[in-house]
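Q: Attaching a predicted model along with its sequence, questions to come.
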Amino acid sequence: MNAIVSVTSDWGIGREGRLVVRNRADMRRFVELTMGGTVLMGRTTFESLPAGPLKGRRNVVVTHDATYANRHAGIECAGSIEEALKLVSSDDPGTVWLIGGEILYRELLPHCTRAYVTQHETQVDADAYFPNLDEDDAWKLASTEGAGVTEDGVPYAFCVYHRR
């Protein structure tokens, strides 16, 4: 499984259920990488998607609400981390994408072999964070794929981390 995330320099990822940095290039990269695969997310992350389930991908949502899937077409629900792992166990691990939020990242990051991180050189007020991979001996920076500047003038780079 892969993790994919957009972070600030202090590893902030969100505030009040929304991304903290807007970056069109990051969104395009997200679509390119995840298209045709499985996206695994928590309920709050799913509810933050503006158009519902992500098209062209299998959408798996972790929620304790057993009736959630009945109210939302186009998703599969897992009632626990263990159930989510079972649901995606027959998928090619390279096509399974952990997309958030904070709790799922913390719980499922040990099951990931790669993390695709868009690192933005800014700090903003966040209430959700991704684990700092630079301070985690289990991870190493494998590559920096590109760099640019957002429409708002925030420098960023696409980084790939591998589990050691």
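A: Nice, thanks for sending it over. Just so you know, these numbers come straight off a predicted model, no measurement behind them.
Q: What distance do you get for L109 to G56?
A: Using C-beta to C-beta, to the nearest Å, L109 is found at 25 Å from G56. All C-beta atoms are positioned from the backbone trio N, CA, C, and that covers glycine.
Q: Alpha carbons of the helix or strand harbouring E107, in CSV - could you do that?
A: Applying DSSP states H and E as the criterion places E107 in helix 102-108. The C-alpha coordinates for helix 102-108 follow below in CSV (Å, rounded to 0.1, in the frame of the first residue of the first chain):
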residue,chain,number,x,y,z
GLU,A,102,-4.8,11.9,10.2
ILE,A,103,-6.1,8.9,12.2
LEU,A,104,-5.9,6.5,9.3
TYR,A,105,-2.5,7.7,8.3
ARG,A,106,-1.2,7.1,11.8
GLU,A,107,-2.9,3.6,12.0
LEU,A,108,-2.1,2.4,8.5
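Q: Identify the residues contacting it?
A: Defining contact as C-beta atoms under 8 Å, 6 or more residues apart in numbering, one finds that helix 102-108 is touched by 1, 3, 5, 13-14, 40-42, 45, 62, 81, 84-85, 98, 128-131.
Q: go again using 10 Å as the cut-off
A: With C-beta atoms under 10 Å, 6 or more residues apart in numbering as the test, helix 102-108 has contacts from 1, 3, 5, 12-14, 40-45, 61-62, 80-81, 84-85, 96, 98-99, 112, 115, 126-131.
Q: Give me the mean pLDDT for that helix.
A: Helix 102-108 carries an average pLDDT of 97.
Q: tell me which residues in it are buried?
A: Residues of helix 102-108 classed as buried by neighbour count (16 or more other C-beta atoms under 10 Å): E102, L104, Y105, L108.
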